[in-house]
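1. please work out how this folds:
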Amino acid sequence: MFEHKNEIIEGFSKRYGLKKLVYFEQFQYVNDAIKREKQFKNWNRSWKIDLIEKDNKNWEDLSYDWSL
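-> Next up, the predicted model:
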């Protein structure tokens, strides 16, 4: 999160100025995380918004108080 918020890494987050973490999932195995990410790429925007707002109605930054 430090690298994203401080725009250290080139890529999607830096290009679009994304600095808030509003949703995340944890996985034990990286292959499961990759599979899930590929699922999201096929979702339309409204489905993604619904998923975020199910647990984070105000789109708060979930990484706000993380130690870096």
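2. okay, CA-based contacts and neighbour counts for the rest of this
-> Fine.
3. pLDDT weak spots in the protein?
-> 67-68 (pLDDT under 70).
4. can you show me the helices along the protein?
-> 2-5, 12-16, 30-41, 45-55 (DSSP state H).
5. buried sites along the shortest one?
-> Right, helix 2-5. Neighbour counts using 16 or more other Cα atoms under 10 Å place His4 of helix 2-5 among the buried residues.
6. count of neighbours near the residue nearest to Phe40 when sequence neighbours are not counted?
-> Using Cα to Cα, 6 or more residues apart in numbering and skipping the chain neighbours, the partner closest in space to Phe40 is Lys48 (7.6 Å). Using other Cα atoms under 10 Å, Lys48 has 14 neighbouring residues.
7. equivalent analysis for Glu25, please.
-> 7.
8. so how far is Asn6 from it?
-> 22 Å (Cα to Cα, to the nearest Å).
9. what do you get for Asn42?
-> 29 Å.
10. and Lys57, by the same measure?
-> For Lys57, the distance to Asn6 - Cα to Cα - is 25 Å.
11. next: Asn44.
-> 29 Å.
12. now do Lys35
-> For Lys35, the distance to Asn6 - Cα to Cα - is 28 Å.
13. also Trp66?
-> Trp66 is 15 Å from Asn6, by Cα to Cα.
14. neighbour-wise, which of those two wins?
-> Higher neighbour count among Trp66 and Asn6: Asn6, with 11 against 8, using other Cα under 10 Å.
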